[in-house]
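Chemist: take this sequence and fold it.
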Amino acid sequence: MAKKSRRARTALPSPSTPGPVASAVVQPLRVARTPAAQAPKEVDFRREYHYVIKDLKTTFIIAGALLVAMVVLALFIA
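Modeler: Modelled structure (predicted):
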């Protein structure tokens, strides 16, 4: 159920009564380009994303340990 509102409803104009038709003109936004935004900057990805390499190393260590555990378990089960 919809939440009740204390606001009074406004009457909508009936479709049979002709009224002025408003048309909205949409113009594209103009973006000011600055010289700083156009010049490419040198980014040191190793310094910027140092935590990603650390997380990847941890992920590969865990994946390797799980692979070894699966091989060991396969030898005992089979």
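
Chemist: longest helix in the protein, by number of residues?
Modeler: Looking across the chain with DSSP state H, the single longest helix is helix 50-77.

Chemist: and the average pLDDT for that helix is what?
Modeler: Here helix 50-77 scores 96 as its mean pLDDT.

Chemist: cool, stretch 30-43 as well?
Modeler: On average, stretch 30-43 scores 69.

Chemist: how close does Thr59 sit to Phe76?
Modeler: With distances taken as Cβ to Cβ, to the nearest Å, Thr59 is found 26 Å from Phe76. To be clear about C-beta, it is placed using only N, CA and C from the backbone, and glycine gets the same treatment.

Chemist: neighbour count: the two, which is higher?
Modeler: Thr59 (10 against 6; other Cβ atoms under 10 Å).

Chemist: distance check, the more buried one against Gln27.
Modeler: In terms of Cβ to Cβ, Thr59 sits 49 Å off from Gln27.

Chemist: Ala2 now?
Modeler: The gap separating Ala2 from Gln27 is 37 Å, by Cβ to Cβ.

Chemist: what does Leu56 give?
Modeler: 47 Å.

Chemist: quick one: which of the two has more around it?
Modeler: Neighbours around Leu56 and Gln27, counted as other Cβ under 10 Å, are more numerous at Leu56. The numbers are 10 against 5.

Chemist: for the more buried one, give me its contacts.
Modeler: Counting by Cβ atoms under 8 Å, 6 or more residues apart in numbering, Leu56 makes contact with nothing.

Chemist: 30 is where my numbering starts, stick with that
Modeler: Sure, I'll start numbering at 30, so the last one becomes Leu85.

Chemist: what about it, distance to Leu58?
Modeler: The gap separating Leu85 from Leu58 is 40 Å, by Cβ to Cβ.
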